[in-house]
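Asks: whatever this is, show me its structure:
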Amino acid sequence: MRTKVDFLHREDTIEYTCKKKESGSMPKKRIVGVVGLGHVGAHVAYTLGVTGTADLVKLCDINEKKLVSEHQDLMDAAMFMPHHVKYAMASYEELGDCDIIINAIGKIDLLVTHNRDTEMNFTVAQVADFIPKIMKGASRESSSTSPIPVMWCPISFPN
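Replies: Numbers count the residues shown, from 1 in each chain. Below you'll find the predicted structure:
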């Protein structure tokens, strides 16, 4: 039995898409959001398009100039990708209809301490801030599944 996650694999996606088209109905558009367009987020967004994993990639970043720049770069690259993909700039509220949202938020300046906990504390606060915004934009009528916020929390281990 296949799960929804199985359709993220390219072979399954091709088979799933072909079966849907044969039956006469249109396949559901695969929408993925990427929050944070630094080094990691930009590469994730590119890979989602070049591998055909997503039909629409919604890009979100608090730095407006970075958002516009990465969007333009990805749109230029999309013309040469083997799969049809669209990239769109989005606010947090506009990510509510995404099937998956990838958190690529980070702040490299915090790693000067060489302690990843410092960056994790920053990231946890950022995620706690943007989840309500995304949920506000989610429509239960337009979503096939209820959006459930998932957030990992730091765990302390005794020395």
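Asks: shaky segments in this structure?
Replies: 1-25, 139-159 (pLDDT under 70).
Asks: again, only this time at 50
Replies: 1-22, 141-159 (pLDDT under 50).
Asks: for it, just list every one of the strands.
Replies: 31-35, 56-60, 86-89, 100-103 (DSSP state E).
Asks: could those strands be laid out in a markdown table, adding mean neighbour count and distance to Val50?
Replies: For glycine as for every other residue, the C-beta is placed from the backbone atoms N, C-alpha and C. As requested, the strands of the chain are arranged in a markdown table below (neighbours: other C-beta atoms under 10 Å; distance: least, C-beta to C-beta, whole Å):
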| stretch | mean neighbour count | distance to Val50 |
| --- | --- | --- |
| strand 31-35 | 24 | 13 |
| strand 56-60 | 24 | 11 |
| strand 86-89 | 18 | 12 |
| strand 100-103 | 18 | 15 |
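Asks: tabulate the ones you listed (JSON lines), appending distance to Asp73.
Replies: Formatted as JSON lines, the strands of the chain follow (distance: least, C-beta to C-beta, whole Å):
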{"stretch": "strand 31-35", "distance to Asp73": "13"}
{"stretch": "strand 56-60", "distance to Asp73": "10"}
{"stretch": "strand 86-89", "distance to Asp73": "9"}
{"stretch": "strand 100-103", "distance to Asp73": "18"}
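Asks: which stretch among these comes nearest Glu70?
Replies: Ranking these by proximity to Glu70 (C-beta to C-beta) places strand 56-60 first, at 6.3 Å.
Asks: contacting residues around that closest one?
Replies: 29-37, 41, 45, 48-49, 67, 70-71, 74, 85-92, 94-95, 98 (C-beta atoms under 8 Å, 6 or more residues apart in numbering).
Asks: ok, it: who's next to it in the sheet?
Replies: Applying DSSP bridges, strand 56-60 is found paired with strand 31-35 (parallel), strand 86-89 (parallel).
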